[in-house]
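# turn this into a model:
(chains A and B, ligands or ions: 2)
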Amino acid sequence: MTVMTTLAIRQKGLRPGAMVERNYAVHKHGWLVILTGLLESLFYLFSLGVGVGALVKQIELPDGRMVDYAVFVAPAMLASAAMNAAVAETTFNVFGKLKWMKLYDGVLATPMRPRDVAAGEISWALIRGGIYSTAFLVVMAGLGLTETWWSLLALPGSVLVGLAFSGIGLLATTYFRNWPDFDWMMAFIFVMFLFSGSFAPIENYPEPLQWIVHASPLYHGIELLRACTLGELSPWMLVHAAYLVAVAAVCLAFASRRLSRVLYK
Amino acid sequence: MIRTFRAARRERRAAPPGNGRRIRLDSVTPPLYRRRVQDMISARGLIKRYGDHTAVDGIDINVPKGQAFGFLGPNGAGKSTTMRMIGCVSPPTAGELRILGMDAATDGARIRARLGVVPQDDTLDTELNLLENLVIYARYFGIRYKVARERARELLDFVQLSDRAESKVEDLSGGMRRRLTIARSLINEPELVMLDEPTTGLDPQARHLVWERLFRLKQRGVTLVLTTHYMDEAEQLCDRLVVMDGGRIAAEGTPRQLIEAHVTREVVELRFNTEDHGTIAEKLDGTAQRVEVLPDRVLLYTDDGESTVAEVHGRGLQPASVLERRATLEDVFLRLTGRTLVD
Ligand SMILES: Nc1ncnc2c1ncn2[C@@H]1O[C@H](COP(=O)(O)OP(=O)(O)OP(=O)(O)O)[C@@H](O)[C@H]1O
Ligand SMILES: [Mg+2]
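Ligands and ions are numbered 1, 2, ... in the order given. All right, here's what the predicted structure looks like:
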């Protein structure tokens, strides 16, 4: 029997999947709750796109092309929706499981390793984010805010945004000691949201600020998604995508190590 | 272990086709033939430090297959720390630790796959109901969903919680939670089960239920390692015990050996109404092999209780009450882990 168990475990290399399954079991009766985060982004879209759009009407892209303001802002809101989903899942929820529910203490008594937990929680965050992004993209299309079929590429693009931010969120969570730490994080996220070229092309920013903005994963996410929904494909998209993947890889590696430190006492 | 025959057969069928059972068995688990002669647990010079505090201070343990092995010791002795190291969730600071023939430092996941763990504090999933708790836990082991559900049902039965299968964990009483944790620890049909104070907080019925279940596991050849503060539990369940104190092993042996080695066969307990116990001790000197003065009573350790009592009366002492009894593990425990003694 044990041999069977061992065999089964070796064959299933997908241990993080169990973590996803666990989260699914928790949420399968209350899917609507996890969609609340989506509303925030949609409200931003409406207030900015429709409200500010009425004042600004059109905006000039760096290449000189004029587009409706709502069309310009929408992909940024999509990126922030993907970011919010990833961050909420990997910070608030993971922290709750880590420090309050002591969930992982139980999980790690099984063959699951900290990196399986990390990968599992990130996968779950991506699934949740994927749902957000899909819904958001459908709303965008419905409002006529997508310019081309290339907009479909924004979906995998937003998964990359989610990947980067779930890595960042998870890593941050391993350092959090208490709930006040979250206020700092939320403030940081909000500042980044304001200064990542969400509302205006960053070419309008002062030069030094531009350099800082280039480090922001959200900036790369927004640029990537904007290129998709505006149909302005360029090799730069690969750079943006690569940056997001790199951030995710580095954060995931460190987060796994940090989780080991925190959980293997 | 706890599994219907049907489930077992189905599982066997589900195994991937290979070229002959024997060969596959050997190639999957090379240590199989070695395991039989090896100890389930073997620790040498095991040390765990937290900062400059040494929680476990160089202990040696061997637990052969099929044995029920107990850790006794006062609060903070290092029992749970040792259990966690054996459970491969706490890396030892120093020393060698081999479990099921594998190295705890490098084979953690493979060891844990064959281990059942009941931690001192329940780590149940409070967002899931009882059945889901077991099923999802099985999934962490990579056990197939159908098998997981079957086993979960059987185990809920095993700990008499079937009627609460759909309840939230939060709605359970402490004792029920403990039983669920015990059920959960068996979901992977472990060869070695680690139980850290399995019956603390249980009512007498539940304790007896757990004892009976653990006894059944033992009969099936499962190796048990447990910690407890209940001496009767240790005496009932454990083939062999160690008494830990301050991170070290103070004594080791079967319950009987420990009693023989560290205390006398019988104990006479005397209570006095008025007098100062200190002066009484002097008067009692020589009535027994050892005289122990406690705030509320005096203990006389002797091999012959009757003649000791006679001697006490012979010296003209008038105790308010006299209790003659056999020495227990509790006497050993208290003797080894501290209480002022007058030899
Ligand atoms: N994570 C930790 N960090 C720091 N010190 C710890 C940690 N875990 C245990 N200790 C210390 O190690 C010592 C042994 O603790 P342990 O939990 O092993 O005792 P125990 O024998 O299980 O006691 P009890 O009977 O109360 O459960 C204690 O002094 C405790 O404070
Ligand atoms: Mg303990």
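
# please enumerate the helices of chain B.
Taking DSSP state H as the test, the helices found in chain B are B:5-14, B:21-28, B:32-35, B:79-86, B:108-112, B:130-140, B:145-158, B:174-185, B:204-219, B:231-237, B:255-262, B:277-284, B:305-314, B:329-337.

# what of chain A?
Along chain A, counting by DSSP H, helices occupy A:2-11, A:15-27, A:31-34, A:36-44, A:53-56, A:69-88, A:94-95, A:103-107, A:114-142, A:154-175, A:180-194, A:207-213, A:217-230, A:236-263.

# list the contacts of the residue of chain B found nearest ligand 2.
Among all residues of chain B, B:Ser80 sits closest to ligand 2, at 3.0 Å; criterion: Cβ to the ion. For the C-beta atoms, the positions are set from N, CA and C on the backbone; glycine is no exception. Counting by Cβ atoms under 8 Å, 6 or more residues apart in numbering or on different chains, B:Ser80 touches B:119-120, B:196, B:227.

# and if you look at A:Phe182?
A:91-92, A:95, A:176.

# if we ignore the residues flanking it in sequence, what's nearest the residue of the stretch 51-200 of chain A found nearest ligand 1?
For the stretch 51-200 of chain A and ligand 1, the shortest gap (Cβ to the nearest ligand atom) falls at A:Asp105, measuring 11.1 Å. Closest residue to A:Asp105 apart from its sequence neighbours, by Cβ to Cβ, 6 or more residues apart in numbering or on different chains: B:Thr123 at 4.6 Å.

# isn't A:Met192 right up against A:Leu218?
Yes - the criterion here is Cβ atoms under 8 Å, and A:Met192 meets it with A:Leu218 at 5.2 Å.

# wait, what's in contact with residue 236?
Reading this off chain A. A:223, A:227.

# actually chain B
B:Trp211.

# flag the shaky bits of chain B, pLDDT-wise.
B:1-37, B:274-276, B:339-343 (pLDDT under 70).

# near ligand 1, which residues of chain A are found?
A:Lys265 (Cβ under 6 Å from any ligand atom).

# among the contacts of A:Phe182, which pair sits farthest apart?
Taking Cβ to Cβ, the two most distant members of the contacts of A:Phe182 are A:Phe92 and A:Phe176; they sit 9.9 Å apart.

# check whether stretch A:124-141 contacts chain B.
No - against chain B, stretch A:124-141 shows no contacts by Cβ under 8 Å from any Cβ of the partner chain, the least distance being 13.1 Å.

# which parts of that stretch are buried?
A:124-130, A:132-133, A:136-137, A:139-140 (16 or more other Cβ atoms under 10 Å in any protein chain shown).

# follow-up on the earlier one: mind checking which of the contacts of B:Ser80 land in strands?
B:196, B:227 (DSSP state E).

# report the entries of the contacts of B:Ser80 that also contact chain A.
Answer for the contacts of B:Ser80 near chain A (Cβ under 8 Å from any Cβ): B:Pro119.

# buried subset of the contacts of B:Ser80 as a PyMOL selection?
In PyMOL syntax, the buried subset of the contacts of B:Ser80 is picked out as below (16+ other Cβ under 10 Å):
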select buried, chain B and resi 119+196+227
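
# ok, so of the contacts of B:Ser80, who is nearest ligand 1?
For the contacts of B:Ser80, the residue nearest ligand 1 by Cβ to the nearest ligand atom is B:Gln120; the value is 5.6 Å.

# contacts only, for the closest one.
B:Gln120 makes contacts with B:80, B:83, B:196-197, B:200, B:227, as judged by Cβ under 8 Å, 6+ apart.

# how about it: what's its closest non-neighbour residue?
Once flanking residues are discounted, B:Gln120 sits nearest to B:Asp196: 4.1 Å by Cβ to Cβ, 6+ apart.

# contacting residues around the one you found?
B:79-80, B:83, B:118-120, B:226-227.

# and the residue nearest the centre of chain B, what does it touch?
Residue closest to the average C-alpha location in chain B (Cα atoms, centre = their mean): B:Leu226, at 1.4 Å. By Cβ under 8 Å, 6+ apart, the contact list for B:Leu226 reads B:68-71, B:194-198, B:214, B:237-238.

# swap the cut-off to 10 Å and go again
Contact analysis of B:Leu226 by Cβ atoms under 10 Å, 6 or more residues apart in numbering or on different chains lists B:68-72, B:79, B:83, B:118, B:193-199, B:214, B:233-234, B:237-238, B:241.

# look up how far B:Ser185 lies from the residue nearest to B:Gln120.
Using Cβ to Cβ, to the nearest Å, B:Asp196 is found at 10 Å from B:Ser185.

# between those two, what contacts are shared?
B:117-119.

# format those residues as CSV; extra columns: distance to B:Glu292.
Converted to CSV, the shared contacts of B:Asp196 and B:Ser185 look like this (distance: Cβ to Cβ, whole Å):
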residue, distance to B:Glu292
B:Val117, 38
B:Val118, 35
B:Pro119, 35
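
# want to throw the residues you listed into CSV with distance to ligand 2?
Converted to CSV, the shared contacts of B:Asp196 and B:Ser185 look like this (distance: Cβ to the ion, whole Å):
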residue, distance to ligand 2
B:Val117, 13
B:Val118, 12
B:Pro119, 9
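
# nice, that's everything, thank you.
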